[in-house]
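Q: Below: sequence and its predicted model.
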Amino acid sequence: MNIVLLGAPGAGKGTQAKILSDKLSLPIISTGNIIRDALKSGSELGEKAKSFVDAGRLLPDNIVIDIVKERLDQPDCENGFILDGFPRTIPQAEALDMLDITIDRVIDIEVDDEEIISRMSGRRICEKCGNSYHLIYNKPNVDGVCNTCAGALIQRKDDHPDTVKERLRVYHNETEPLKLYYKKQDKLIIIEGHGDIQEISKKVISALEV
Ligand code: AP5
């Protein structure tokens, strides 16, 4: 099954992608993680991406579309995949439609802006494997240490409240129109994203009928 996860920054796409990936044994393609890895390694992509990510803006469509095309060509995507954070604009969705791949379901996780801002301030990320935690809602077993790989947990630079506000503005202007785009294709499933993480994941799995 080929799945797209839509939603505002901090709506829980990454959290739900991980749970779904474990359940369905599908790879996660997170453009945010690919870009963050490039920033860490200082590659050419990382150099180009830095100013956009730090300002809470989207990278130019052509750059991200090329990254995703290349990733979807890898053999582990043959039996399905979970796209987390792509597409984010209408041109990105149109580029995906041009490929010889059918998107089966688009899960939109809906959370209001106020809750998003509170979630982002408590988010901590493993600097080694990228796993996501929250200081209140999704605590690691040991403070400051990743449950999976024992890496150190850090705060993302773009989780600063002012940057989060800009990311939300960009989301409402550029990404939210994708809901109508996929509704017209009869692929959109809206999931109410407030409440317990495991309960939300049950709703996602039941909506996917897997
Ligand atoms: P990206 O990493 O994709 O950022 P994002 O969409 O803003 O997504 P996040 O990772 O912030 O949120 P999430 O929904 O995954 O939330 P999470 O599960 O962690 O992209 C980063 C940047 O890269 C972009 O700003 C842009 O510059 C660039 N970029 C990426 N893709 C691009 C594209 N396609 N085109 C152009 N540029 C692109 O949850 C958040 C927190 O809440 C966590 O702490 C979590 O533990 C907690 N939480 C989760 N669920 C719940 C719950 N139910 N209740 C309470 N807390 C919860």
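A: Received it, and whenever you're ready, just let me know what you need. Quantities reported herein were computed from a predicted structural model and do not represent experimental measurements. Numbering: from 1, shown residues only.
Q: For the residue of the chain found nearest the ligand, which residues are in contact?
A: Nearest residue of the chain to the ligand, counting by CB to the nearest ligand atom: residue 32, 1.9 Å away. No exception for glycine: its C-beta is placed from N, CA and C like everyone else's. Residue 32 makes contact with 14, 84-85, according to CB atoms under 8 Å, 6 or more residues apart in numbering.
Q: Can you tell me which of those end up in strands?
A: Judged by DSSP state E, the subset of the contacts of residue 32 located in strands is residue 84.
Q: What pLDDT does the model give the residue of the chain closest to the ligand?
A: We have a pLDDT of 94 for residue 32.
Q: ditto for residue 81
A: pLDDT recorded at residue 81 is 98.
Q: Make sure it is actually in contact with residue 3.
A: Yes - using CB atoms under 8 Å, residue 81 is in contact with residue 3, at 7.3 Å.
Q: Now do the shared contacts for those two.
A: Contact criterion CB under 8 Å, 6+ apart; residues bridging residue 81 and residue 3 by contacting each: residue 26.
Q: Would you mind listing what in the chain touches the ligand?
A: Taking CB under 6 Å from any ligand atom as the contact definition, the chain meets the ligand at 7, 9-15, 31-32, 35, 52-53, 56-59, 64, 85-86, 88, 92, 119, 122-123, 132-134, 137-138, 158, 167, 195, 197, 200.
Q: Next, residue 146: phi, psi?
A: phi -70, psi 130 (degrees, to the nearest 10).
Q: Quick check: it touching residue 153?
A: Yes - counting by CB under 8 Å, residue 146 does reach residue 153; the two are 6.2 Å apart.
Q: Check the contact lists of the two and give me the overlap.
A: In contact with both residue 146 and residue 153: 126, 133, 140, using CB under 8 Å, 6+ apart.
Q: hang on, the second one in a strand?
A: Just to be clear, that refers to residue 133. Yes - checked against DSSP: H, G, I helix; E, B strand; the rest coil, residue 133 lies within a strand.
Q: give me the number of residues near it?
A: Using other CB atoms under 10 Å, residue 133 is surrounded by 21 other residues.
Q: One more: the first one?
A: By the criterion of other CB under 10 Å, residue 126 has 20 neighbours.
Q: ok, and the closest non-adjacent residue to it?
A: Nearest residue to residue 126, sequence neighbours excluded (CB to CB, 6 or more residues apart in numbering): residue 146, at 3.7 Å.
Q: and the one you found, how many neighbours does it have?
A: Count around residue 146 with other CB under 10 Å applied: 22.
Q: And for the one 3 residues further on?
A: Using other CB under 10 Å, residue 149 has 12 other residues around it.
Q: Secondary structure element for the closest residue to residue 55 other than its chain neighbours, which one?
A: Computed as CB to CB, 6+ apart, the closest residue to residue 55 that is not its neighbour in sequence is residue 166, at 6.6 Å. Element membership for residue 166 (DSSP states H and E) is helix 161-170.
Q: which strands and helices sit next to that helix?
A: Packing partners of helix 161-170 (3 or more CB pairs under 8 Å, 6 or more residues apart in numbering; DSSP states H and E): helix 44-55, helix 113-122.
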